[in-house]
Structure formats: structure tokens, C-alpha cells
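Q: whatever this is, show me its structure:
(chains A and B)
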Number of protein chains: 2
Amino acid sequence: MWMSTLARVARPALQRSTSAVACQAGRACRRPGHAAGPLPSRPTLTHVRGQQTLVSASPPEARQTSAQARQLLITDLDIHSGIHSVEVINDNKVSVVWPDQHTSVFDAEWLKKRCFSSAARQSLQEELFLNERHHWDSELRIPTGDFQEVLRDDEAALAWLSALRRVGIVCLKGAPTERGQVARLAERIGYLRLTFYGHTWQVQDKHMANNLAYTSKKLSLHTDYPALHFSPGVQFVHCISQAVEGGESEMVDGFHMAELLQREDPEAHRTLTSTLVDFTDTGRDYCDFLLQSKKYIIEVDREGRVQRININHATRDSVLDLPVRQVQPFYRAMRAFADIMNRPENLLDYRMEPGDMLTFDNWRLLHGRKSYVTGPDSSRHLEGAYLDWDEVMSRLRILRKSVNKRA
Amino acid sequence: MWMSTLARVARPALQRSTSAVACQAGRACRRPGHAAGPLPSRPTLTHVRGQQTLVSASPPEARQTSAQARQLLITDLDIHSGIHSVEVINDNKVSVVWPDQHTSVFDAEWLKKRCFSSAARQSLQEELFLNERHHWDSELRIPTGDFQEVLRDDEAALAWLSALRRVGIVCLKGAPTERGQVARLAERIGYLRLTFYGHTWQVQDKHMANNLAYTSKKLSLHTDYPALHFSPGVQFVHCISQAVEGGESEMVDGFHMAELLQREDPEAHRTLTSTLVDFTDTGRDYCDFLLQSKKYIIEVDREGRVQRININHATRDSVLDLPVRQVQPFYRAMRAFADIMNRPENLLDYRMEPGDMLTFDNWRLLHGRKSYVTGPDSSRHLEGAYLDWDEVMSRLRILRKSVNKRA
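A: The predicted model follows:
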């Protein structure tokens, strides 16, 4: 069960995560045999040398200060280098003298954070990427925030992005009911992602629509734009006006659904994580386009953790690059996945009101909408924009730094 | 050994590919038991129904014409559907009547192209994605084209993009020696990719550089921007002015090098295809940024085919997320890969002249430059831009259609 305000959802998780990092890294580095962090272990030496250090006596060619970039060439690196001597000096610094008498001075905290213990690594990775997700179902109360406050206040913006990452969806309330608000919000992050549908796109019932979304018909649960090999990571959708009848949004947590599928129908899960499916999109908007892509319906990493869902029946290609014996099992698996998603206990209904800005994880959520009725006096108008997770996470890390500094 | 004009490199390959498709698809579908393409085989029926067809009697809810999108819901699909009757009718059409008396009419060529035989599928995939690459070494004579002609003429543009895809690098000659030319060329494709370094970026020796490239120092072989999870697929670099001394470009075919590594040092290859490496990039340019990513140095698909190379020692993070026992093997593998790349027989030297526009595959090529001397009367100025392969391949497919139509 989810709390509905950003502050309650996002802040405690963030605080937990930060303190866990410090604690685990410290513990790991205080274990016997790890007294000075990774230093006494030979193989790590090839790693620490020539890195960006907070304080370092490295010769100028080992690093470039303003770009904070490593300059030592891999072809010049002695991978068998040992250490001549190590000592802890004043100000929590660790001084390393290498066999050629080159000296490097490291900040002890900086070294500790890079400890090779499994616990320290896990902590640091969680801090960098916030990979832990909170799964949900139809019971979710969508985390909400205030649009204007997020634009103005760093703490509110950080809470918004943290919840967006962990939960996958946040509704910002109170955006002016006119075009241009998705672009304003994207500027809060950095920049939006241009696609063939333009910088931002208008979801309306259009004559000669180049996309099913631009009609008044029902849209079944889908992720946007799998016809791009790198589909947009994040989507903003702003409700400028809503239909009088119909047009409700439906949403489902794709990561959670993939987990249910794996538990209930492992064979279908295996099929959808191992079958490359063709997508296509062709038409004209920002300019003319003819896209083709190949995607797994459920993309997992090598450890089997789900990374991305790619489902869009409107743009799944009529080309099916499978041996004939795999065709029916593939459709069976697709059907099994769709049936799980469409269970009432998994499906979240939401009716956007004018001024609502839904922000959600397009790699994770599937969304759809009910058909709606258009009339001379009623129109439905949403404006949307895409961003990518790299840019969103970059802003999240910068906000976290500035908010933590002030705290 | 490569020919140096676009026409000679790219066109024959293209013609071969097109005719091979028609021929193989035809042959596959004339084999006994495949007389009418995939139709008689039961499992395929679930596939053809509800697809976009050239001529179809499908009810309106099965497809949306202007968007060319499938509308049949997967939850409404009977995956065990059979066929009531099939017949070849006039005009090379195939008519299918389904058990519920719904009738679909398919263009026979359209069906043949979607034949499930291995040969037909391989052909069609090659036509869609042009995955066959021509590997090269220091002997490569870089394919060249004329900048103005590529902007003006569809056939020249198609030849350019086909060679860019197959060979990975093309030099366009005769671009005006002023800023704005990379953007003009990107518009020929569709649009460029905005990153934290801006819409386009100026490679010059800068005070307080936020990137090593913006100094006069040597740059070792690298791919651009692995700190983005989806690094830019294609790079345009335009030489506006060149240093009097130094500044030569170095390039290597990363896909070819990965193949050599696999042959010569399978263990190092295994390490670099299975170790996730952290990259980071932080600073301020278009806006402030703090990127983190995890990448394989050599990215392969599940069949082991190399998809992308990610090497950038300047932005490889000081964070190394590995158990300590894997650290030295990792550096050994990196060193082995670097040593192969830096062999004179693999390394291509090229001195850009003002007006040259290098266009290359940033997922495949590694590039570097020699240090150069700046003086009061000499400056070196390159302008660059990024694009993605999806957009480039989209333009290539559209150009191929229009050129083939005219032929």
C-alpha cells in the first residue's frame, strides 16, 4: 500500500539509502585484513593508480583537473605494479609510494567508498543507480506532488524524482492548462528527447492520424516507442482538457507483472525474455520516418533482473522472425502475459483531470486508455514529452548533492 | 582492400541485397509443402490475422488505416484458430476465410516476404537492418563522397549511408569551412541528438576544459560517451581549421579488433564481454550533469555477435564494481585489447583537411588524435554532432525506397 504524498514515499527511502552506504562501507573496511580499505591487496593497485583523486601528487599527465578525467594510457599501465609503501597521513589521507617513487595521496573516505567488498559495492551501486523498486498493483495511491513546487524547490524536485524512480509513477498537480508545461518540466531536468513525433506531441483525435493514440479509440496496455532501439525512459503527459465521457487511463507495473509471469508461467516468461520481436513505425510527423527494431518483450540483464518491458501491439511488425514451430508458443506467452496484466487486482484506473501531469517510467509501466466520445463542445487534449533515464538520474544525483549539502 | 568512392563500395552491395531477398523468398516459398507461403502451416495463422495487409477485408476494428497499425487486441486473439479455406484469387492475392467467416485478403508478395523459412527470414532481416559489415585495417582507403552532392541528391545520400553502415566510416569532402555544417547534414537525415555537450560541440583547446577533447593533448583510442547508457550511434566531425603541427586522427575498426581478440586471447575476450564497467561524466555545458553508467567493453548479443564497443579511459569511473580477484584479469584483458588495436597494421592514420566531414559509426569505431601545437596564428577547430542509428537507418530505408522506385 502506497502513501500518496511524495515526502512520505521518497524521503525516508533516500535517507535510508544514504546512511546505509556510509555504514556498510565503513563496516566493510574495518574488517580484519581490510584495515586501510583495499590498499593492501595487490590487484587493486592497478586500479587506484592514475585515477581522479581528491588530493593527489600524481604527475600532470596522470589526470586532467578541470575535466576530472583520467589521462594515464592503458598501454602505459604496468598491470603487475606493486606498492613500495603506504601510510596514513594527516587529514584522513592515505599516501601511496609506488615502486618508481611516484607518490599518490588519496582521501581515506574516497578509498573506503571504493572498497571491493561485496557489501560496499552493493551499497555504492544502489546509491549511484537507485535500482531498488517498489512493486505495486491496483491498490496503489499514485504519489503526488505540486507542479509549481517541483519547479521552484530542490527538495520537492528530489522527492519527485526519487519516487518516479522507485515507484515508477508520480502525478504532479496544478500545472497551467495550456501547452508548454511538459517542456518547462523537462527543462527542470535538463532537456527533453526529440523523436519523430516532435519535441512534444499533442494527443488528440486527429484526422488522418499517423498513430493510434491520435484517435478516440481504446488503447490497450502498451509501452511507448519500442520501434526505437532505445525507447524513451521517461514520459510526461499533461492533461490540458479531458473528455466528458471516457478517456480514463489504465496503468500496470510491468516489472511486477513480469515477476508474476515468471512465478505462474515460467515457460511463457522464458519465451518472452528470449524471443526477439520486430517492431516498426512508419509515417510523417517531425519528418518522414521508417523505423525497424528488434526487442525482447521482457528485457532482462544477465542476472535475470528485468530492465525494460517492450509491448506495443499497434507497432509490432507483421514481420515475425521466428522458426514456424515457435510462432504459436510465442503468441501463447503474449496472451498469458496480457491476461495477468488485465486482472482487476493488477490494473490501476486513473482519470486525469485538467492540470494533472503524469510522469512515469516508460521502461516499466504499461499504460492504456479507454475510448472516449468527442463532440462539438468537448475535446480531449493531452500534451506529452519524452526524456531518458540518464538525464533524469543525472538531475536526481545533482539535486541530492545540493539538498544534502544544505541539510 | 577498400575502394575509395561511395558508388563503388555501396551500390553493388545494395543491389545484391535487394535481389537476393526476392530470389530467396521466392525459392523458399516454392518448395514442396510451401506452395502458398506460410499459410497452410497452422501456427502461422495466429500471426497473419489482424496484421496490416495491402488489401484486406478485415473489419474496421482489426486495423487503423492512416496509422498503419494493428488494432486487434491480444486478449481477443484465439491462438488456436485454424483456417476455413484458402484460395489464390486474381491480381496475385491470397484470400483466407477464417472459421468465423471473417475474410482476409493478402498480397502474395507480401506474404512470401514473411515466409518463416530460415533463408527468407535471414534475407528480410538483412534488408531491414544491413547487419553485414565489411571489416578493415590500416589499409582502408576511407570511402569518400561530396558533401554538397549528398545534400542534394538521393542516390548520393543513399550511397553515403550504405557505406557508413557497412564500412563504418565515410569522409564527405567540400563542406564550407564554417560552423553549422554538421547540423545541415543532420537535417538531411532527420535531426541530431542533443546531449549535455549541446546540439553541436566545438572541439578546440579551451580554458578550463570540461572534457579532455577540449585540450590540445593526445587522445587515446576511444568511443564517445559510454557514460550514456545509449551512447550515440553515429558521429559527424567537421574540420573547420586544422593545426599546423600535429592533430592527426587515428581510427580503428572495433568490431574487427574484437574478432581478433576473440581469436588470439579468448579469455580476455570473455572478460571484456562479461564484465560491467562503470563510466562517469560530470561537469557543466548545455547544463550541469552527473552521469553514471554500466557497460560491457565489448557488447555482444545472445548469439555472441558484437553490437557495440565502449572504451573511454577518460570517463571510465574510479569506481570498479568487481570482486577483488577479478580486478587484475580485467586490466590484463583491457591491456590485451589495447595492444591489438595499437598495432600499426590495424591503426588507420588520417589527417583531416579543412572542409572534410568525417561521418562514422561510434558504436564500432574507436578514434583518437595526436597532440597538437597551438600558437597565436594557428588554431584547430572541429565541430561535431551526434545522431542515432535508428534515425540514420530510417533515412536509409526511405532513400532506398525512393531511389528504387525511380530506377
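
Q: run the contact check for the strand or helix carrying A:A157 versus chain B.
A: Using DSSP states H and E, A:A157 sits within helix A:154-166. No - judged by Cβ under 8 Å from any Cβ of the partner chain, helix A:154-166 stays clear of chain B, getting no closer than 12.6 Å. To be clear about C-beta, it is placed using only N, CA and C from the backbone, and glycine gets the same treatment.

Q: rounded mean pLDDT for that helix, please.
A: Mean per-residue pLDDT for helix A:154-166: 98.

Q: show me the shaky parts of chain A.
A: For chain A, the stretches with pLDDT under 70 are A:1-69, A:71, A:377-378.

Q: work out which residue lies at the spatial centre of it.
A: A:W389 (4.3 Å; Cα atoms, centre = their mean).

Q: now do the buried residues in the helix holding A:A157.
A: Buried residues in helix A:154-166, counted by 16 or more other Cβ atoms under 10 Å in any protein chain shown: A:155-166.

Q: and if you look at stretch A:289-299?
A: A:289-299.

Q: pipe those residues into JSON lines and attach distance to A:L212 and secondary structure per row.
A: Formatted as JSON lines, those follow (distance: Cβ to Cβ, whole Å; DSSP: H, G, I helix; E, B strand; the rest coil):
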{"residue": "A:F289", "distance to A:L212": "16", "secondary structure": "strand"}
{"residue": "A:L290", "distance to A:L212": "18", "secondary structure": "strand"}
{"residue": "A:L291", "distance to A:L212": "15", "secondary structure": "strand"}
{"residue": "A:Q292", "distance to A:L212": "18", "secondary structure": "strand"}
{"residue": "A:S293", "distance to A:L212": "18", "secondary structure": "strand"}
{"residue": "A:K294", "distance to A:L212": "21", "secondary structure": "strand"}
{"residue": "A:K295", "distance to A:L212": "18", "secondary structure": "strand"}
{"residue": "A:Y296", "distance to A:L212": "23", "secondary structure": "strand"}
{"residue": "A:I297", "distance to A:L212": "19", "secondary structure": "coil"}
{"residue": "A:I298", "distance to A:L212": "23", "secondary structure": "strand"}
{"residue": "A:E299", "distance to A:L212": "23", "secondary structure": "strand"}
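
Q: and the helices in the stretch 51-200 of chain A, which stretches?
A: A:108-113, A:118-129, A:147-152, A:154-166, A:181-189 (DSSP state H, counting those that start in this stretch).

Q: equivalent analysis for the stretch 301-407 of chain A, please.
A: So, for the stretch 301-407 of chain A - with DSSP H, counting those that start in this stretch - the helices run A:327-341, A:389-406.

Q: by contact count, what packs against the first one?
A: Helix A:327-341 makes packing contacts with strand A:219-222, helix A:254-264, helix A:266-274, helix B:42-48 when contacts are defined by 3 or more Cβ pairs under 8 Å, 6 or more residues apart in numbering or on different chains; DSSP states H and E.

Q: now, of those, which is deepest in the fold?
A: Greatest average neighbour count among the helices and strands packed on helix A:327-341 goes to strand A:219-222 (a mean of 23), per mean count of other Cβ atoms under 10 Å in any protein chain shown.

Q: compute the first-to-last residue distance for stretch A:201-217.
A: Using Cα to Cα, to the nearest Å, the span of stretch A:201-217 from its first residue to its last is 18 Å.

Q: which residues touch it?
A: A:179, A:197, A:219, A:237, A:243, A:246, A:283-285, A:314, A:371-374, A:379-385, B:64, B:66-67, B:69, B:71 (Cβ atoms under 8 Å, 6 or more residues apart in numbering or on different chains).

Q: mind listing what's buried in that stretch?
A: A:201, A:203-205, A:209-217.

Q: single out the most deeply packed of the helices of the stretch 51-200 of chain A.
A: Comparing the helices of the stretch 51-200 of chain A by mean count of other Cβ under 10 Å gives helix A:154-166 as most buried, with a mean of 23.

Q: quick one: work out the angle between it and helix A:181-189.
A: Here helix A:154-166 runs at an angle of 100 degrees relative to helix A:181-189 (axes from the mean of the first three to the mean of the last three Cα atoms, to 10 degrees).

Q: where do the domain boundaries of chain A fall?
A: A:30-114, A:144-406 (automatic domain parsing).

Q: burial count for A:R400?
A: Residues within reach of A:R400, counting by other Cβ atoms under 10 Å in any protein chain shown, total 20.

Q: quick check: the gap between the residue nearest to it when sequence neighbours are not counted and chain B.
A: Once flanking residues are discounted, A:R400 sits nearest to A:L158: 6.0 Å by Cβ to Cβ, 6 or more residues apart in numbering or on different chains. Separation of A:L158 from chain B (Cβ to the nearest Cβ, to the nearest Å): 13 Å.

Q: A:L158 touches A:L396, doesn't it?
A: Yes - A:L158 is within contact range of A:L396, at 6.8 Å (criterion: Cβ atoms under 8 Å).

Q: just to revisit the earlier point, surely the residue nearest to the centre of chain A meets A:R364?
A: No - look at A:W389 against A:R364 with Cβ under 8 Å: they stay out of range, at 10.1 Å.

Q: now stretch A:391-407 - C-alpha only, CSV.
A: The C-alpha atoms that make up stretch A:391-407 are tabulated as CSV, following Å, rounded to 0.1, in the frame of the first residue of the first chain:
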residue,chain,number,x,y,z
GLU,A,391,19.3,12.7,-17.9
VAL,A,392,16.7,12.2,-15.1
MET,A,393,19.2,10.3,-12.9
SER,A,394,21.8,12.9,-13.6
ARG,A,395,19.5,15.6,-12.2
LEU,A,396,18.5,13.4,-9.3
ARG,A,397,22.2,13.0,-8.3
ILE,A,398,22.8,16.7,-8.6
LEU,A,399,19.7,17.6,-6.5
ARG,A,400,20.7,15.0,-3.9
LYS,A,401,24.1,16.6,-3.6
SER,A,402,22.7,20.1,-3.2
VAL,A,403,19.9,19.1,-0.8
ASN,A,404,22.3,17.0,1.4
LYS,A,405,24.8,19.9,1.5
ARG,A,406,22.1,22.2,2.8
ALA,A,407,20.8,19.7,5.4
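
Q: only the buried residues of it, if you could.
A: A:391-400, A:403.

Q: so how far is that stretch from its chain's centroid?
A: 15 Å (Cα atoms, centre = their mean, to the nearest Å).
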